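>>> have a look; sequence and predicted model below, questions after that.
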Amino acid sequence: MGGRQGGGAAGQPAGEPRQEGGGFDARELTDGQVDELTHRLIGPLTRLLRTELRMDRERIGRLRDPRR
């Protein structure tokens, strides 16, 4: 469940790079893995950024965005 495929050694999902010592090396990611990571992160990052911008507008008293 959760969109993960198969299982690798030590509970690691299949297709993810494994490195001795428990470190992570982004240079070992395939193009497909980079695309998937980007798509999984863009939603939460966008929500955080919008929340920060809204809080800043509330703080300065300009809740409405005049550009819209």
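Looks like it came in fine. Numbers count the residues shown, from 1 in each chain.

>>> how much space separates L41 from G61?
32 Å (CB to CB, to the nearest Å). C-betas here are computed from N, CA, C, even on glycine.

>>> what about I42, how many neighbours?
Number of residues near I42 (other CB atoms under 10 Å) recorded here: 10.

>>> now it: which helix or strand?
Taking DSSP states H and E as the criterion, I42 maps to helix 31-60.

>>> show me which of L41 and G61 is the more surrounded one.
It is L41, of L41 and G61, that has more neighbours when counted by other CB under 10 Å, with 10 against 6.

>>> how close does the more buried one get to R59?
26 Å.

>>> with L29 instead?
With CB to CB as the criterion, L29 and R59 are 38 Å apart.

>>> neighbour count winner among the two?
Remark: of L29 and R59, L29 carries more neighbours, 16 against 9, as counted by other CB under 10 Å.

>>> the more buried one contacts T38, correct?
No: here L29 does not reach T38: they are 10.6 Å apart, not a contact under CB atoms under 8 Å.

>>> can you count the residues close to T38?
Count around T38 with other CB under 10 Å applied: 10.

>>> same thing with the one 10 residues further on?
Applying the criterion other CB under 10 Å, we find 10 residues in the vicinity of L48.

>>> if I look at it, how far off is Q33?
23 Å.

>>> what of T51?
Applying CB to CB to T51 and Q33 gives a distance of 28 Å.

>>> more neighbours: which of those two?
Between T51 and Q33, Q33 has the larger neighbour count (other CB under 10 Å), namely 14 against 10.
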